[in-house]
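Trainee: show me how the following folds:
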Amino acid sequence: MKSLIAFYNILKKDITNYYLKPPNISWGIIFPLSWTMMQLLRSVDSSILELLPGLISTSVLFGTTSMLAVTITFERSGRSFERLLLAPISLNTLMLAKITGTILFGMFNAFVPIIFAGFFINLSDINWIIVILAVFLIAVTSSLMGLLIAVSAQQVFEAQTISNFFRFPMLFLCGLFIPISSLPVFLKPLSYCLPLTYGADILKGAITSNNSFSYTLCFVMLLIFTVGLFTVSKYAIEKKQNQ
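Mentor: I've put the predicted structure just below:
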């Protein structure tokens, strides 16, 4: 019961105090929204469906990582994050509380391009169950990547800069805009090491039936990335706690 109360209060505090900070608004809301509108307005009806997996993935990736970059770094600069680490709650509970809000925000962001696309094309043929599952796992893995980056940075601008170092290359290496088969040979192994590659492939299969891998493989890989990123993030936080 105490863990649930702590979980709720941490989540509530993050949403109230940090989610509308200027860096969140610019990178987590305005950038995905403007990118979506630009791509939809310049596309004809036949290509909107093909663009949708990329727009969804971009919205989730930038929304989740931006939120945690701001939340954690603001708390670290005010040393409130260190006080949370000393609180009588488990580190697992703290981490789940930190990423839950960003996961929900990322999933909300994901449906912004879907809503806009609905004004232009018919979306009735999309496999919505698969889309929702894929969006959830993309949000989880992106949140954990954002958490790992945030605990390694001291300031918001530093966290956002490091995030962009990963986010932009990831968008072009995961097969959304450039097929993995068209990438240089030395970049292909890197593509297979990115969780977004498998999440984006699920979305392409559910929306355009143009996936390269099986759903089973992609979901298994995303679960492996989730466990791995959670473990590494927990280790990074414990290392900071012991310094």
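Trainee: how about stretch 130-142: buried residues?
Mentor: Neighbour-count burial for stretch 130-142 flags 130-131, 133-142 (criterion: 16 or more other C-beta atoms under 10 Å). Yep, even glycine has a C-beta here, placed from its N, CA and C like the rest.
Trainee: now do stretch 91-98
Mentor: Across stretch 91-98, burial judged by 16+ other C-beta under 10 Å covers 93-98.
Trainee: kindly report the same for stretch 73-81.
Mentor: Residues 73-76, 81 are the ones in stretch 73-81 that count as buried (16+ other C-beta under 10 Å).
Trainee: where does the prediction get shaky in the protein?
Mentor: The chain contains residues with pLDDT under 70 at 1, 17-46, 77-78, 82, 156-157, 241-243.
Trainee: could you pull out the helices for it?
Mentor: Applying DSSP state H to the chain gives helices spanning 2-17, 22-23, 31-41, 45-77, 80-86, 91-117, 128-150, 156-173, 188-191, 195-208, 215-242.
Trainee: just send those helices back as TSV, with distance to residue 182 too.
Mentor: Shown next, in TSV, are those (distance: least, C-beta to C-beta, whole Å):
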stretch	distance to residue 182
helix 2-17	40
helix 22-23	34
helix 31-41	20
helix 45-77	15
helix 80-86	43
helix 91-117	24
helix 128-150	22
helix 156-173	11
helix 188-191	10
helix 195-208	14
helix 215-242	20
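Trainee: and of the ones you listed, who's closest to residue 181?
Mentor: Nearest to residue 181 among these is helix 188-191 (8.2 Å), distances taken as C-beta to C-beta.
Trainee: hmm, residue 150 and residue 67 touching each other?
Mentor: No - contact criterion C-beta atoms under 8 Å: residue 67 and residue 150 do not qualify, at 9.4 Å.
Trainee: those two: which is more packed in?
Mentor: A direct count of neighbours by other C-beta atoms under 10 Å for residue 67 and residue 150 places residue 67 higher, at 33 against 29.
Trainee: now that one, nearest residue through space, not along the chain?
Mentor: Excluding the flanking residues, the one nearest residue 67 by C-beta to C-beta, 6 or more residues apart in numbering is residue 102, at 4.3 Å.
Trainee: ok now do the one you found, which residues does it touch?
Mentor: 63-64, 67-68, 71, 139, 143, 146 (C-beta atoms under 8 Å, 6 or more residues apart in numbering).
Trainee: swap in 6 Å and give it another go.
Mentor: 64, 67-68, 143 (C-beta atoms under 6 Å, 6 or more residues apart in numbering).
Trainee: check contacts around residue 64.
Mentor: 102, 106, 139, 142-143, 146.
Trainee: and of those residues, the nearest to residue 197?
Mentor: Of all these, the one with the least separation from residue 197 (C-beta to C-beta) is residue 142, at 12.8 Å.
Trainee: please name the nearest non-neighbouring residue to that closest one.
Mentor: Nearest non-adjacent residue to residue 142, counting by C-beta to C-beta, 6+ apart: residue 64, 4.1 Å away.
Trainee: let me see the contact set for residue 155.
Mentor: By C-beta under 6 Å, 6+ apart, the contact list for residue 155 reads residue 73.
Trainee: gap between it and residue 143?
Mentor: With the distance defined as C-beta to C-beta, to the nearest Å, residue 155 ends up 20 Å from residue 143.
Trainee: residues in contact with stretch 164-183: which ones?
Mentor: 54, 57, 61, 191, 194, 196-197, 200.
Trainee: from those, pick the one nearest residue 124.
Mentor: Closest approach to residue 124 among the contacts of stretch 164-183 (C-beta to C-beta): residue 54, at 20.8 Å.
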